[in-house]
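S.K.: Show me the folded form of this:
(chains A, B and C)
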Amino acid sequence: MPRSRFPRVVVTTVLLVLLALPAASNVAETAPAPKPRYGGTLVVAAGDPGPLNPAITSSGQAHPVTGQMFNGLIRLDRYFEPKPDLALRWSVSKDGRTFTFNLAPNVRWHDGRPFSSADVKFTYEEVLLKLHPRTRTLADVIERISAPSRNVVVFRLKQRYAPFLTWLDEDNGAILPRHLYQGSDPLTNPVNLRPVGTGPFKFESYTPGDRVVLVRNPNYFKQGLPRLDRLVFRAMQSAQAAQAFDAGEVDLYMFPSGQDALRFLNRPGITVTERGREGAARVVPLILNLKRSPFGDVRVRRAIAYALDVEFIARTAYAGVLRPAKSPLTRFIPWAYTSKVQQYPHNTARSNALLDEAGVRRGGNGVRFRTSLIYDAGFSRQAELIKTQLGDVGIEVDLRLMDMNSWVRRLYIEKDFDMGYTNFTHPADPDVGWKRIYVCSNIVQAPFTNGSQYCNPQVDALFEQAARELDRRKRGELYRRLQRKLASDVPVIPIADGIGPWIYRNSEFRGFGNAGSKEQFAFGEKVWWTKGSTSRR
Amino acid sequence: MPSARKSGGRRGRRVGASAAEARGRGGFAVFLVRRLISGVALLAAVTAATFVLISSAPGDTAQVLAGQAGADEEYLVLIRERLQLNRPLPYQISSYVKAAAQGDLGYSLVQGRPVRDAILDRLPASLLLAGTALAFAALIGVTLGSIAGSRRGGSVDAAISLASLLAYSLPVFWLGQLLVALFAVRLHWLPAGGIRSAEDPGGVVDVLRHLILPAGTLALLLVPLLVRVTRTSVIDALGQEYVMVARAKGLSERQVLLRHALPNALRPVVTILTGYLGLVLTGAVLVETVFVWPGLGRLLYDAVLARDTPMLAGLLIVSASLVVVANLIADIIYRVLDPRTDFR
Amino acid sequence: MSVRALLRSRRFLLGGLFLVLVLAGAVLASIIGEDPFRPSATILDPPSSRHLLGTDELGRDVLTRVLHGAATALKVAIPPVLAAAILGIGAGLSAGYFGSLVDGLLLKVMEFTLVVPRFLIALVAAAFFGGHLWLVGVVLAATFWPSTARLVRAEAISLREREFVEAARSLGASDLRILARHLLPLTLPIVAVNTSFQAGQAALIETGLAFLGVGDRNVVSWGAMLADAQSYLGIAWWTSVFPGIALGVLILATNLLGDGLSDSWNPRTRRA
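M.R.: Predicted coordinates for the structure are as follows:
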């Protein structure tokens, strides 16, 4: 009947029009919008950060969070060259020993109090140089810090030290508020649970094991930044993180495994990149406890190196995202790197021979000795491969999985381990990240120091020399000598060399790749949401 | 007239329920008090046993209590003093139990806060998950069981039993992953995990959306037994005299079922539900891990990985407490359902 | 307790078949001799003639790993529950028959062990002492026997006043003889049922622990396989489906066996 058909026709037409509308607007929206927009929430899948004080830890799980709340004097760009952060300008004296920094004016702490040079002086003297795992080694280099005026801070060094500036970023030189930390113990100060910094984001809440929420700092000293409104860091295991990212609930996946990277590699709307993570360049080491027999014998260590098939590990466990290591130093510091060092291509016969020679013979059941390997969840595949490969030469490995914090305690604080496996970055300059693995003075009870307890005065002397040398070519030569020596002594066994990507949804978020080599600690500043508003309300 | 005493059908009744000498209100109150006291004693025993477990773990007890953290000497001295670790074991146990009784479950160096705070933080989420799962399970289980029982021997009955059996045989962590992969990643119908949306933390609706998959998965664990027990009870009840009388009076099958058979069939269901607390706590660890739910299960898991000893001890004690409380509640519910129940 | 009744039960037969399948798998694992930890370059390969069930992310043969997982699951499922059954029978009979002190003691112990969920105990034990298979087995045996004991106790209580017991006693039979020759056989049906179900639970606990990463990392476990396979559900379903099915088959087997035994042997719980 025509009458009852009319409403149907109307309804259908209306529906069709409504359905067409989104398609029409899509056409308009796909035109590229290069201008940054404001607002939005970025959800990040990462590990649980732990205590949020950047000046007492170098943890790669804490700094992605603290880096959004704190600043250092400088920031390192993609080529590891220093660029302004809290310091606007700086100058170096002729003798290379005095560094004068002019600080940005009108910087305020999140609680409103003004920032000044006194904060810098305090943080270095009372916190960084005493407690930060890497920066504490700088204590031998710095003679005096002075703050002649509110916006000027001067560092006087004991001798020339080429890499000095590369130390001063948020990673190794985050500045804490003096008015909240003075007179307290930085390790247990309750402000650690409600941090106050100068950075683009303010702390809102932290639920351990669940999430950290940061909100925009409207009084950030860099104009127009940040662009996002909120950052939410969710702590989850990598399997769940990959699923959550795939389901669209997570926008940035910070530490994907190689397999996860492959999974998302060619998906539209998703970027898998190493840009911005150059500061995470590293050679992943198998750390041996030299104080435990038989690891003290260099022949045993070399035998282990021969027994391991790093080619295979890189190809399978790292899905080719990292390359097999050819040197103890990462190839991402090209001026110092060399691969012309002792290599240990996979060779079980050679390994067996060395072990026999070292007197570690096989027992009746074919086992030479039993040992254990501690590692955290991200390295299960590598651990299993190591177990199999060492098992082939008669070394029985007991696998012990534990979380990052426990791993750090067992290996670095208690030194109660046989072998340990984890990441160990060499950011920017060999003196900053690499040296700490090998020098005698860094055999201390602090995280990410000289865990293997290797001590060789010759090596120490070479490091010392390289630090004082200002000419980059000569420094390079010294570091090459060090690589030869350390490749021969193998206190830690280099396994894989590379950066490793991070993954984000480029259809929703842009502005990555603009914050230097440690962008994973500073992305909050410049990243923006494609669906935000065009002006700051 | 329906029999006031239910002699059979009390399988699964937990052990140790001492009989009330006299039935009736006074007798029940006495009974309840006795249960309360034995519950407390039980908890004390569990607490003591937990402490013994800790001290038997390899290593210095104070160090172990500090959770293998590089605790400084001061903290170790404090622990030794508080727990009187320099005195013989019985004294140590009693001080730990006393502290626990006052609500002090120790300090977690891993989390940097008292154990009690961390547990209280996560308790609501766990209760929400468990409660919803139990509700789902009860609803689905009783419904399916009643249908199966009233159509006994038919194809519907067989189908329900088969589905039940399959559901019970699926490992809950596997099922969870598959559901996430299907509903969250593939279809984008439901969230992949968490309790609230991170982007846009909505209110109740947001939480409900996040609750569906984890509670559903957990419920699937619980449904099969409920189906079976309900079915058996309904069959039993349908065979009783009063049902025949009702039918003779001309009531429809459905009315017979709903008004006569079911209420009596529900008692064993209540037993099961309260006995489920253990299962729920167990399943919760796995479900909360797969769905990243911020409850006690995940807290336990994190504590296990981090060897956070005080947290583990605290969680064991809290679990035991929950079970004891649930049993007490069950006793009360029984009483409410049938005041003349003989608590034997 | 007739075998014929058992054989007439479809559930029992089906459950038995499944269990035999799993057992066969476990035996095959040791016969075949291929190393389940041996990695290869063909990672995430779909099922093919070379690898019947495909390969995982380290290039390991999934079929071999599933078979070895069967061995692990059975090692944890069977010996501990058998031990628990023996302990449970002994304790339950003593408590039910002798009553008074022994009974009181047993009741207290049973209450105690029933208060903390088994999985949590296993989890915490694994945390402190390592997730070694033998340790998990011990914990399981220790937490399973009370429930068996409870059932046996109930039986013993109801049986001890029966005529044939009276008769035996009047003939001068000792308590031990009565327990062993008269009561024990009568408790076997109910213990068998309970033990079957417990075997399934034991397997679930072991795989659950392995899934969480606290199991024994030195053996192959279906739980660990399922955990690893989580990331590949979209691109390599075989790494998750086959271990999942295998575990499901084992649990199904124990449940069917238990149901079948219960149907045939236990008049009181017989499905109406």
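S.K.: Show me the helices in the stretch 301-450 of chain A, by range?
M.R.: Taking DSSP state H, counting those that start in this stretch as the test, the helices found in the stretch 301-450 of chain A are A:310-316, A:348-357, A:380-391, A:404-408, A:430-433.
S.K.: Tell me the buried residues in the following helix or strand past the last one?
M.R.: Per DSSP states H and E, the first helix or strand lying C-terminal to helix A:430-433 is helix A:457-468. When neighbours are counted by 16 or more other C-beta atoms under 10 Å in any protein chain shown, the buried residues of helix A:457-468 are found to be A:V459, A:D460, A:L462, A:F463, A:E464, A:A466, A:A467, A:R468. Using the backbone N, CA and C atoms, a C-beta is placed for each residue, glycine as well.
S.K.: got the contact list for the residue nearest to C:K75 when sequence neighbours are not counted?
M.R.: Once flanking residues are discounted, C:K75 sits nearest to C:L133: 6.1 Å by C-beta to C-beta, 6 or more residues apart in numbering or on different chains. Contact analysis of C:L133 by C-beta atoms under 8 Å, 6 or more residues apart in numbering or on different chains lists C:T72, C:K75, C:V76, C:E206, C:D216, C:V219.
S.K.: hmm, 10 Å instead?
M.R.: Residues in contact with C:L133 (C-beta atoms under 10 Å, 6 or more residues apart in numbering or on different chains) are C:T72, C:K75, C:V76, C:E206, C:L209, C:A210, C:G215, C:D216, C:N218, C:V219, C:S221.
S.K.: ok, back up a step: comparing the helices of the stretch 301-450 of chain A, which comes out most buried?
M.R.: The highest mean neighbour count among these, using mean count of other C-beta atoms under 10 Å in any protein chain shown, belongs to helix A:430-433: a mean of 25.
S.K.: From the contact counts, what lies against that one?
M.R.: Identification of packing neighbours for helix A:430-433 by 3 or more C-beta pairs under 10 Å, 6 or more residues apart in numbering or on different chains; DSSP states H and E yields helix A:170-173, helix A:457-468, helix A:472-489.
S.K.: Name the residues of the next helix or strand after the shortest one that come out as buried.
M.R.: What that stands for is helix A:170-173. Downstream of helix A:170-173, the next assigned helix or strand under DSSP H and E is helix A:178-181. Neighbour counts over helix A:178-181 (16+ other C-beta under 10 Å) mark A:R178, A:L180, A:Y181 as buried.
S.K.: ok, of those, which one's closest to B:H188?
M.R.: A:L180 (44.3 Å; C-beta to C-beta).
S.K.: so what pLDDT did residue 139 get?
M.R.: Let's take chain A. pLDDT, A:A139: 85.
S.K.: actually chain C
M.R.: So, for C:V139, pLDDT stands at 92.
S.K.: Ok, the one 3 residues further on next?
M.R.: In the prediction, the pLDDT value recorded for C:A142 is 92.
S.K.: same thing with A:R8?
M.R.: 55.
S.K.: again, but for the one 4 residues further on
M.R.: At A:T12, the model reports a pLDDT of 50.
S.K.: Point out the ones among the contacts of C:L133 that are inside helices.
M.R.: Of the contacts of C:L133, the ones assigned to helices by DSSP state H are C:T72, C:K75, C:V76, C:E206, C:L209, C:A210.
S.K.: Same question for stretch C:27-45: list its buried residues.
M.R.: Within stretch C:27-45, the residues that count as buried by 16+ other C-beta under 10 Å are C:A29, C:P36, C:F37, C:P39, C:I43, C:L44, C:D45.
S.K.: on that earlier part again, which stretch among the helices and strands packed on helix A:430-433 comes nearest chain B?
M.R.: helix A:170-173 (21.5 Å; C-beta to the nearest C-beta).
S.K.: The one residue in the stretch 301-450 of chain A that gets nearest to chain B: how many residues sit nearby?
M.R.: Using C-beta to the nearest C-beta, the closest approach of the stretch 301-450 of chain A to chain B is made by A:I413 at 3.5 Å. Residues contacting A:I413 under the criterion other C-beta atoms under 10 Å in any protein chain shown number 16.
S.K.: Check the gap between it and chain C for me.
M.R.: 19 Å (C-beta to the nearest C-beta, to the nearest Å).
S.K.: Kindly report the same for A:L165.
M.R.: 41 Å.
S.K.: for that residue, what are its contacts?
M.R.: A:L165 neighbours (C-beta under 10 Å, 6+ apart): A:73-74, A:76, A:80-82, A:87, A:90, A:92, A:99, A:101, A:155, A:428-429.
S.K.: For the contacts of C:L133, which single residue is the most surrounded?
M.R.: C:E206 (31 neighbours).
S.K.: That one touches C:G200, doesn't it?
M.R.: No. Checked against C-beta atoms under 10 Å, the pair C:E206 and C:G200 is beyond contact range at 11.1 Å.
S.K.: ok so, going back, can you redo the helices and strands packed on helix A:430-433 as TSV, where the extra columns are mean pLDDT?
M.R.: Shown next, in TSV, are these (pLDDT from 0 to 100):
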stretch	mean pLDDT
helix A:170-173	90
helix A:457-468	90
helix A:472-489	93
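S.K.: So for chain C, which of the ones you listed sits nearest?
M.R.: helix A:472-489 (25.6 Å).
S.K.: tilt between that closest one and helix A:457-468?
M.R.: 160 degrees (axes from the mean of the first three to the mean of the last three C-alpha atoms, to 10 degrees).
S.K.: In which helix or strand does B:D117 reside?
M.R.: Residue-wise, B:D117 maps onto helix B:115-150 under DSSP H and E.
S.K.: any idea how far that helix is from the chain center?
M.R.: 8 Å (C-alpha atoms, centre = their mean, to the nearest Å).
S.K.: buried stuff in it?
M.R.: B:115-116, B:118-119, B:121-122, B:125-126, B:128-130, B:132-134, B:136-138, B:140-142, B:144-150.
S.K.: Which members of those additionally contact chain A?
M.R.: B:A118, B:D121, B:R122, B:A125 (C-beta under 10 Å from any C-beta of the partner chain).
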